[in-house]
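Colleague: Requesting a structural model of the entry that follows:
(chains A and B)
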Amino acid sequence: MTKQSQYYMLRHLINEKDFSFIALVLTFFLLPLSINLSSIAFVVAVVLKIYQSTLLQFKLFYSESVQQSSVFALCFFCYIIINSIIQKDIQYTVAEFDRQFQHYALLFIAPMLLREYSFNKLLITSLSCGLTVALGYVLFICIITNTTFDQFAIQYYLDLHHTYLSLFLLFIINQLMAFVTEKGMMFNRLTAISIATFFFITFWLLYSVNSKASILVFVFLVIFYLAPKLSKKTAVKYGFVFLILALSIYMFISKLEQSYIDALEYRIQIWEAAVEAIKQKPFFGNLQDSEKNVINFQHYLNGKYYFLDSNLNSHNQYLSITLKFGLIGLIIFFIYLFHCCKSVYKKNSSNQRAFTGFLLIVFTIFIIENILVRHHGIVLFAFGINYFLISKNE
Amino acid sequence: MKGFKSVIFFLFSISGFSQDVQTLVDSDFSIRDFTTHNDSIIFLKKRDIYFTEPKTATQHNYFIGGYGLKFYLDDESNTIISGSNELERNVSSVRFYDINKSSVTNTYYNSESRLLDFLVVPEKEFFVASLIENKIIFIDYSKKPMYTKIIEIKLNAFCRKLAYTKDSLYFVTDKGEFFSYNLATNEQQLIHKDEELVTDFLIQGQDLIYSSLKGVIIRHSLITRQEQKINLSDDFITHLALDNNDGLICGSWKGNIYKIEKHKFSIQISMPIHSGPVFKIIEQEKGVFLSSSLDATIKKWQLN
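Modeller: Numbers count the residues shown, from 1 in each chain, chains lettered A, B, ... in the order given. The predicted model follows:
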């Protein structure tokens, strides 16, 4: 998509007075920069959407598939709230709503805020711009203060955990890979160099922040997009790409081999505690206390006070959902995901490949982090999954 | 300290200013243990021990190897003896920090086990460690850097709590069995048995006071075997302490503080102080207490 068309889209939004979507674009720009400002922009987008759709007769949903996605997500949300009321009471559910439940509302609100495919692309552009500004800012500060540009600097100056930075980068790289493969690699030299530079910078960033899982996901994505293109003609070209990638991975693993082992061992101990907690309330989960408290109690029983002191969540999205909402909750969540997958794949749209790449990213990151409990994670997931539901011709 | 975001707020009370609960330390990680020393607070946070000087508003810290469990301040030798566990590996260590030299002078490593509880008997120069491998060891450190295991007690369950009084070590296992171990005679004796998992206990005269995971606080007479019980609904005690009048003060999993009436053995005062489990309570001066918690704070509060 050219700069002119993006500019045209923005002009079109202003002319149409769709300020809700403009606020949403701003939300994505601010996402890597500030959680608070991004949250405010999001709330403004929701309020304006309600205003526009009730008083100005704007569409509430721009496609049937996102409407259905919203209904499925609403069912999941209702299950959570009813489950909490049954397990505790209304007073507790209201008091804990902000901390424990409200982020899941994004799953059914996000579909309402999206527009047509070409407009939705503005969100990715906006996120890319925000990320460039944010990383440029940290790099600038690091140069001025003569400090190392690493995950700690990004966490300190942006309050952005390296997993979420990696998630944003992988999301963008997935879109770019889908775009490149869709175009059949037919670019002029300048575009080809720009794309190659962007790939290199992204890989370097993931390497710099020591994001172990993200490096693996990056490799999966490259294999996923390039493997179908492999032929006798392209063997040398792609073989070279794979060779460079393999070499980089080897260097990365050599550098962080112990870190990989420690990170895995560390998570296994947390997962064990989560599984033990799940076994006690397998079907409807445990909403009588926060996830951290439930796991902390298990660490306490296991005599692992060093984990208790760390006050950690389950570090696995699947376990987190099962622990809190039970197997029934996990099944409902998977029904929601299954519906989204079905909607994308049955349309036979060009989104399919990028959507698979997106699932590859989130399903892998789900194994190591609870991304849906953080603003950065839930925003990207809720909008990401619905983004692919709207195809070009809708 | 690079890459380590820690903000300490010293909000010590100004003369004439009265407030029920004050936050003395507001940190970014659980504060498992702390003590006061002259006008300063020494506390254990993650892998470091911090010294705070409220008058000069300064602080410094030193590294203790792994995740800190407990520490003892030996006033006589001006030494801090800390016990800690590594997160990933099954390794623990006990470090001796010389306050005058501002350095760790000696370290004992246990490369095969982690600590569940740890206490120091400075006058006899040994420490006792309850290990996650269901055993208790006594280590003589009088000839450090040489460390000698003088006693080993094998158990059939975790021992979460050790107490030492009058040449005897008292301990409880997760099977609810209370033992005393006499160091003079090397005799181990079962003094009481409960069916519940015990979360903390203390010996007060001839009474054994303990709390269970089911939220029961029990006073058990070791002489008459009579028992008094308090039932907490939906909470349990994580730390028991005695005030200067031998009154019982309890900190709970949910961050509440309970004052127990001595004679009736009933809850006299209940206060929500912390937002997470209470790890330690000490009486700073008459009626004024400090407590630390998983909520990463040390709070100052009063009991009237």
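Colleague: Spell out which residues of chain A are next to chain B.
Modeller: By C-beta under 8 Å from any C-beta of the partner chain, the part of chain A that sits against chain B consists of A:147, A:152, A:156, A:262, A:265-266, A:293, A:296-297, A:300-301, A:303, A:305-311. The C-beta positions use only the backbone N, C-alpha and C, and glycine is treated the same way.
Colleague: can you rerun that using 6 Å?
Modeller: Listed as neighbours of chain B in chain A under the rule C-beta under 6 Å from any C-beta of the partner chain: A:152, A:262, A:265-266, A:303, A:306, A:309.
Colleague: okay, now the one residue in the stretch 151-300 of chain B that gets nearest to chain A: neighbour count?
Modeller: Closest approach between the stretch 151-300 of chain B and chain A, counting by C-beta to the nearest C-beta: B:F158, at 5.2 Å. Applying other C-beta atoms under 10 Å in any protein chain shown, we find 21 residues neighbouring B:F158.
Colleague: Now do the same contact list for it.
Modeller: A:303, B:116, B:174 (C-beta atoms under 6 Å, 6 or more residues apart in numbering or on different chains).
Colleague: Apart from its neighbours in sequence, what residue is nearest it?
Modeller: Distances taken as C-beta to C-beta, 6 or more residues apart in numbering or on different chains put B:D174 closest to B:F158, at 4.4 Å, once the chain neighbours are dropped.
Colleague: how about the one you found, what does it touch?
Modeller: Applying C-beta under 6 Å, 6+ apart to B:D174 gives the contacts B:157-158, B:197.
Colleague: wait, isn't B:I209 in contact with B:I203?
Modeller: No: using C-beta atoms under 6 Å, B:I209 is not in contact with B:I203; the gap is 7.8 Å.
Colleague: show me what contacts residue 175?
Modeller: Using chain A. A:I124.
Colleague: hm, I was asking about chain B
Modeller: Neighbouring residues of B:K175 by C-beta under 6 Å, 6+ apart: B:A157.
Colleague: A strand includes it, no?
Modeller: No: according to DSSP: H, G, I helix; E, B strand; the rest coil, B:K175 belongs to no strand; its state is coil.
Colleague: Any stretches of chain B with poor pLDDT?
Modeller: Within chain B, the ranges that satisfy pLDDT under 70 run B:1-19, B:54.
Colleague: Now secondary structure too, for the contacts of B:D174, in a markdown table please.
Modeller: Listed next are the contacts of B:D174 as a markdown table, based on three-state DSSP:
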| residue | secondary structure |
| --- | --- |
| B:A157 | coil |
| B:F158 | coil |
| B:L197 | coil |
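Colleague: Just give me the closest of those to A:D98.
Modeller: A:D98 lies nearest to B:L197 out of the contacts of B:D174, by C-beta to C-beta, at 33.7 Å.
Colleague: What are the phi and psi values at the closest one?
Modeller: The phi/psi pair for B:L197 (degrees, to the nearest 10) reads phi -70, psi 130.
Colleague: got the contact list for the helix or strand hosting B:I151?
Modeller: According to DSSP states H and E, B:I151 maps onto strand B:148-154. Applying C-beta under 6 Å, 6+ apart, the contact partners of strand B:148-154 are B:135-140.
Colleague: Check which residues of it are buried.
Modeller: By neighbour count on 16 or more other C-beta atoms under 10 Å in any protein chain shown, the buried set for strand B:148-154 is B:I153.
Colleague: partners of it in the sheet?
Modeller: The strands beside strand B:148-154 in its sheet (DSSP bridges) come out as strand B:135-140 (antiparallel).
Colleague: Just the buried residues of the strand it pairs with, please?
Modeller: B:136-140.
Colleague: likewise stretch A:204-220?
Modeller: For stretch A:204-220, the neighbour count (16+ other C-beta under 10 Å) marks A:205-207, A:209-219 as buried.
Colleague: Quick check: end-to-end length of that stretch?
Modeller: For stretch A:204-220, the first-to-last residue distance is 16 Å (C-alpha to C-alpha, to the nearest Å).
Colleague: what about that stretch, average pLDDT?
Modeller: Stretch A:204-220 shows an average pLDDT of 84 in the prediction.
Colleague: ok, and what's touching it?
Modeller: Contacts of stretch A:204-220 (C-beta under 6 Å, 6+ apart): A:151, A:162, A:166, A:170, A:252, A:260, A:360-361, A:364, A:368.
Colleague: same check, this time on stretch A:92-106
Modeller: For stretch A:92-106, contacts defined as C-beta under 6 Å, 6+ apart pick out A:77, A:80, A:84-85, A:378, A:382.
Colleague: Any part of stretch B:203-221 near chain A?
Modeller: No: Stretch B:203-221 stays clear of chain A (C-beta under 6 Å from any C-beta), getting no nearer than 8.1 Å.
Colleague: where does whatever residue of the stretch 51-200 of chain A ends up closest to chain B land in three-state SS?
Modeller: Nearest residue of the stretch 51-200 of chain A to chain B, counting by C-beta to the nearest C-beta: A:F152, 4.0 Å away. Look at A:F152: counting by three-state DSSP, its state is helix.
Colleague: So which elements touch the one helix or strand B:L69 maps to?
Modeller: Under the criterion of DSSP H and E, B:L69 resides in strand B:67-74. Where contact means 3 or more C-beta pairs under 6 Å, 6 or more residues apart in numbering or on different chains; DSSP states H and E, strand B:67-74 is packed against strand B:31-37, strand B:79-85, strand B:115-121.
Colleague: Next, the buried residues of the last one.
Modeller: Right, strand B:115-121. B:115-120.
Colleague: Now render these as TSV, adding distance to chain A.
Modeller: Shown next, in TSV, are these (distance: C-beta to the nearest C-beta, whole Å):
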residue	distance to chain A
B:L115	9
B:L116	5
B:D117	9
B:F118	11
B:L119	15
B:V120	18
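Colleague: Near chain A, which residues of chain B are found?
Modeller: B:3, B:30, B:32, B:67, B:85, B:87-88, B:116, B:132, B:158.
Colleague: Regarding the nearest residue to A:C142 once chain neighbours are set aside, what is its secondary structure?
Modeller: Of all residues not flanking A:C142 in the chain, A:F149 sits nearest, at 4.3 Å (C-beta to C-beta, 6+ apart). What three-state DSSP gives for A:F149 is coil.
Colleague: I'd like the helices and strands packed on strand B:67-74 laid out as JSON lines, including distance to A:Q57.
Modeller: Converted to JSON lines, the helices and strands packed on strand B:67-74 look like this (distance: least, C-beta to C-beta, whole Å):
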{"stretch": "strand B:31-37", "distance to A:Q57": "57"}
{"stretch": "strand B:79-85", "distance to A:Q57": "64"}
{"stretch": "strand B:115-121", "distance to A:Q57": "67"}
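Colleague: Out of those strands, which gets nearest to A:M112?
Modeller: Closest to A:M112 of the helices and strands packed on strand B:67-74, according to C-beta to C-beta: strand B:31-37, at 44.5 Å.
Colleague: Residues in contact with stretch A:260-279: which ones?
Modeller: A:212, A:294-295, A:298-299, A:312, A:314-316, A:319, A:322-323, B:88.
Colleague: what do you get if the cut-off is 7 Å, keeping everything else the same?
Modeller: Stretch A:260-279 is contacted from outside by A:212, A:253, A:286, A:294-295, A:298-299, A:302, A:304, A:307, A:312, A:314-316, A:319, A:322-323, A:368, B:87-88, using C-beta atoms under 7 Å, 6 or more residues apart in numbering or on different chains.
Colleague: and those residues, which are buried?
Modeller: A:212, A:286, A:294-295, A:298-299, A:302, A:304, A:307, A:312, A:314-316, A:319, A:322-323, A:368, B:87-88.
Colleague: Give me the subset of these that lies in helices.
Modeller: Those of these mapping onto helices are A:212, A:294-295, A:298-299, A:307, A:319, A:322-323, A:368, per DSSP state H.
Colleague: Break chain B down into its domains, please.
Modeller: Taking automatic domain parsing as the reference, chain B has its domains at B:24-161, B:194-304.
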